[in-house]
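Visitor: Take this sequence and fold it.
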Amino acid sequence: MDSTFTFSIRCIPFDEDYRPAESTRATTNFANLARGENRRENLRNALRMIDNKFNAMAHWDNPLRDRYAVEIEIVSVEMSIGSSAETETFPIIEVLKTNIVDQATSERIEGVVGNNFSSYVRDYDFSILLPEHNINKDAFSAPDDFGDLHGKLFQAFLKSEAYRDHFSKPPIICLSASSTKTYHRTDNQHPILGIEYRQSEFSPTDRYFEKMGLQVRYFMPPNSVAPFAFYFIGDLLTDYTNLELISTISTMDTFQKIYRPEIYNANSVAGTCYRPNLKHSDYSLTQVVYDREERSRLAVEQGKFAEQHFIRPFKTILDAWSANYVVR
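Guide: Numbers count the residues shown, from 1 in each chain. Model prediction:
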């Protein structure tokens, strides 16, 4: 990568004392929980849900379902632009890193980086650029280069010295299935990831993550009620251990039950042919307070932040770098 672009990483614990940094997107799953008068209770309940889900899945040699605890770090990535004398930084990405504590042996086991994915540039692309592109158009479409810059920045981060120094494996990002697509159950079943689903065409998010160099497969883990989208590099089924996969599932299953209870805390299980529906009424609520309407509004504000502080000031540099960056 160009020497005028460098990445730096800062990690802080995600626990019941967590308070979001000013640079953290307010709509990010973990940051949204840590706001308001119920912040500590929200965090405590979410962390308990993660541990409970992990122990339910890692049930071997775990008769009381209390052997493991999941520790989570928030990984904040900043990109520096310019010479050392005039360097400016921008909060480019935030993800989560899981670590597993085996309380029977006191062993601390490395988990997975990725899980949740947060990006101001993605907010700009979906909340500012895409709506502007479709003004006064009869049919919705995306620009041909939609997601190119974001995808190249992400891949450059994965190739950076900062990433190699902190993480031993590529990321797994786990998101909700798209409510605009239909998923079909297959005969393929993995002992941890569960039943595989497939769809006939990619969602806009799938295409966007493809430009980040990530493949996607959809699995409904045991005792879950809907499939998740798993974005990865390499071989999802063989490159990660059972405990690594469980750490991702337990973390993101918890977040999705909180944020999309209509899908992931529904009272019925996805069938052979499944289409997620955020208007589904037969679901249960968690004991975590969340304002989804505020989240939609803030996404636009975050997109404007990226436009004002990153896209416009560094447009010439970013355009030239993106045009010359070769994805390998």
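Visitor: Strands of the stretch 1-150 of the chain, start to end?
Guide: Taking DSSP state E, counting those that start in this stretch as the criterion, the stretch 1-150 of the chain carries its strands at 5-13, 68-81, 88-102, 107-118.
Visitor: TSV for these, including mean neighbour count and distance to Met57?
Guide: Using the backbone N, CA and C atoms, a C-beta is placed for each residue, glycine as well. Shown next, in TSV, are those (neighbours: other Cβ atoms under 10 Å; distance: least, Cβ to Cβ, whole Å):
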stretch	mean neighbour count	distance to Met57
strand 5-13	15	23
strand 68-81	20	10
strand 88-102	20	12
strand 107-118	21	13
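Visitor: Turn those into TSV, columns for mean pLDDT.
Guide: Output for the strands of the stretch 1-150 of the chain, formatted as TSV (pLDDT from 0 to 100):
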stretch	mean pLDDT
strand 5-13	92
strand 68-81	94
strand 88-102	94
strand 107-118	95
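Visitor: could I get these as TSV with distance to Ser322?
Guide: Formatted as TSV, the strands of the stretch 1-150 of the chain follow (distance: least, Cβ to Cβ, whole Å):
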stretch	distance to Ser322
strand 5-13	11
strand 68-81	13
strand 88-102	14
strand 107-118	20
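Visitor: So, low pLDDT: which residues of the stretch 201-328 of the chain?
Guide: Flagging of the stretch 201-328 of the chain using pLDDT under 70 yields the residue ranges 291-296, 328.
Visitor: what about the strands in it?
Guide: Under DSSP E, counting those that start in this stretch, the stretch 201-328 of the chain gives strands at 215-220, 228-232, 273-274.
Visitor: in the second one, what counts as buried?
Guide: Across strand 228-232, burial judged by 16 or more other Cβ atoms under 10 Å covers 228-232.
Visitor: The first one now?
Guide: Residues of strand 215-220 classed as buried under the neighbour-count rule (16+ other Cβ under 10 Å) are 216-220.
Visitor: Sheet partners, orientation included, of it?
Guide: strand 194-199 (antiparallel), strand 228-232 (antiparallel) (DSSP bridges).
Visitor: Please list the outside residues in contact with that strand.
Guide: 177, 183, 190, 193-199, 202, 206, 209-210, 226-233, 236, 270 (Cβ atoms under 8 Å, 6 or more residues apart in numbering).
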